[in-house]
Structure formats: C-alpha cells, structure tokens
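[1] sharing a model that was predicted from the sequence below.
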Amino acid sequence: MSATAQVKRITVPEIAARKGKEPVSILTAYTVSMARLLDQHVDMLLVGDSLGMVLYGLDSTLPVTLDMMIAHGAAVVRGSSRAGVVVDLPWATYQESREQAFRAAARVLAETGCAAVKLEGGEEMAETVDFLVRRGIPVMGHVGLTPQAVNALGGYRARGRSDAEQHKILGDARAIAEAGAFSIVIEGVVEPLARQITESVSAVTIGIGASAACDGQVLVSDDLLGLFGAFTPKFVKRYAELGPLVEEAARAYTADVRSRAFPGPEHVFQPKK
Ligand code: KIV
C-alpha cells in the first residue's frame, strides 16, 4: 500500500454531515510547517487568499494569483494528512464565467490535491457554484463581508446592520446553498443575521466575526497566534502571543553570534579521529 493510500483525511461529506452537530473548526494555513502543526487539531485547513496580506504584505487580496494559491495549497496538502484542505479561488479567476471558474477550480484540485475550493459572492455566483458542483468540484461559499469586493463595499466594516443589507446577505447565502455549496463562510455580519442564515440553509455555516450561532468557525492562524500586526480585530481571540517570542529568539541569536557563543562545540563538525 502506498503512503498516500494510508492517509485518512476528513472528507467533504463528513464536514457536510456536521450541520447542526459538533461545530467545525477551521484555521488558515499557507505553509508546510504551519500545516504540520495544525493538522491534527482542526477539521479543515483553509488556504485563504488572506495569504496576500499575511505572507506577502499586500494591501488587499486582489493581487493574489492562481499560481500563488496553487503553490501554497500544494504545500499545505503535503504538510497535512488528517484535516480536509480547502483552497481559495483568487480574485478574477472565477467571476467572468462558469467555464473560467471550472478551469481555475480544476487546476487547483489537480495541482494541489485539495478537497474543495472556496469562492466569494452571492446570488450572482449561484449559477457558477451549481456548474462546479455538478462536475464534481466541492464548493465552499463566502458571503457577508467579502474581501475581494472591498472596492465595491468601501472597506472592511461589519455587514448586515440595515434591513436592506440583511435581506441581501440572507438571499446570497440561500442562493449559494441551493446551488449546492457544502459549506458557506459568513464573514463580519451581525449575530442575528448569522443565526438566521444558519437556521435557513442546509449548508454548514462557518463564521468569522459572525458569532457562535454558526455551525463552525474559521480564523486566520497568524491572528490567533499573535503573529500578524499589533491591531487585533474585534472578532479575533488571541490564543498565543508568538510575536514577542520570535523577536526574543532573534535577539538572543544575534547576541550569541556577535559574542561567538553560537555555534558552540556541540554544533561544529570535527574531522574523524
Ligand atoms: O482568505 C481567508 O483567509 C478567508 C478567511 C478569512 C475566511 O477567506
């Protein structure tokens, strides 16, 4: 039996069956090392296009390319064996037509080995979701605050505070669920709306800044670990402060290098006696 055949990953149908049951835990991962650390502790790893801001220092997710997502997606699949892996389709690789979306999603699945793709948008994307799902591509939707639409939304503020916005986002979630998405990320919406969506769609809802009313949660790992910037969004709980630990390790290393305390005898190769 090959090593690949021994891997038992959490599957998309297993996640879909969690609707209304034990909440689903998802964290972002972009690298082999982070995937290895998180793999045994979460249900899914999301290779989010947030990597554009977190790893590459970009101002938004818009410049992220399909090649970037595929490279990081493949790394996360290589670094994990248990968690299901879902990879974001980046901006402008799926909105033009359902055929364009199929080509992008097919590359992501074939070249990374991930289980599903995630795409942003509501009613306008329902036909595309249906097209992908009918062709064997599991889709996670993403509604509410959709970062790829930052220019149209005018920023990253929470959504669903007006009746009109609530009505629109609920319609978006229903359309994506009816089109066959197995799961939908609900980002940055008021709690009553997240609850209403969760109660009215068959897809597993995954909240980020959308309250515990959802069927599961996702966070950006670097936020949860205190690795990304001093500002903590309201919806993030920091479970660790790794930033100062990294800085302290770098400071101690440089002090050792400058005083020649590193490398010590135990780190040095000697000729055979
Ligand atoms: O890109 C990402 O990391 C995401 C999550 C924040 C849901 O889409």
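    Cool, got the structure. Residues are numbered from 1 along each chain as shown.
[2] using the three-state scheme, assign Asp67.
    Applying DSSP: H, G, I helix; E, B strand; the rest coil to Asp67 yields a three-state assignment of helix.
[3] what about it, how many residues close to it?
    Residues contacting Asp67 under the criterion other CB atoms under 10 Å number 11. C-beta coordinates here come from the backbone N, C-alpha and C atoms, glycine included.
[4] pLDDT wise, what is it at?
    The pLDDT attached to Asp67 in the predicted structure is 98.
[5] for this protein, which residues are neighbours of the ligand?
    Residues of the chain lying close to the ligand by CB under 6 Å from any ligand atom are 28, 46, 48-50, 88, 185, 187, 208, 218, 220.
[6] state the mean pLDDT of stretch 109-129.
    Mean predicted confidence for stretch 109-129 is 98.
[7] would you convert the residues of the chain next to the ligand into JSON lines that also reports distance to Thr128?
    Converted to JSON lines, the residues of the chain next to the ligand look like this (distance: CB to CB, whole Å):
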{"residue": "Thr28", "distance to Thr128": "23"}
{"residue": "Leu46", "distance to Thr128": "20"}
{"residue": "Gly48", "distance to Thr128": "19"}
{"residue": "Asp49", "distance to Thr128": "17"}
{"residue": "Ser50", "distance to Thr128": "22"}
{"residue": "Asp88", "distance to Thr128": "15"}
{"residue": "Val185", "distance to Thr128": "16"}
{"residue": "Glu187", "distance to Thr128": "19"}
{"residue": "Ile208", "distance to Thr128": "22"}
{"residue": "Val218", "distance to Thr128": "22"}
{"residue": "Val220", "distance to Thr128": "25"}
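[8] most distant residue from the middle of the protein?
    Relative to the average C-alpha location in the chain, and by CA atoms, centre = their mean, no residue lies farther out than Lys273, which sits at 53.3 Å.
[9] would you mind finding the longest helix in this structure?
    Residue-count comparison of every helix in the chain, with assignments taken from DSSP state H, identifies helix 242-259 as the longest.
[10] what mean pLDDT does that one get?
    Taken as a whole, helix 242-259 has a mean pLDDT of 97.
[11] for the residue farthest from the centre of the chain, what are its contacts?
    Lys273 makes contact with no residue, according to CB atoms under 8 Å, 6 or more residues apart in numbering.
[12] hey, where'd the strands end up in this structure?
    With DSSP state E applied, the chain shows strands at 24-28, 44-47, 84-88, 116-118, 139-144, 183-187, 204-208, 216-219, listed in chain order.
[13] quick one on the thing from earlier: so which of the residues of the chain next to the ligand is the closest to Glu248?
    Within the set of the residues of the chain next to the ligand, Val220 lies nearest Glu248; the separation is 23.1 Å, counting by CB to CB.
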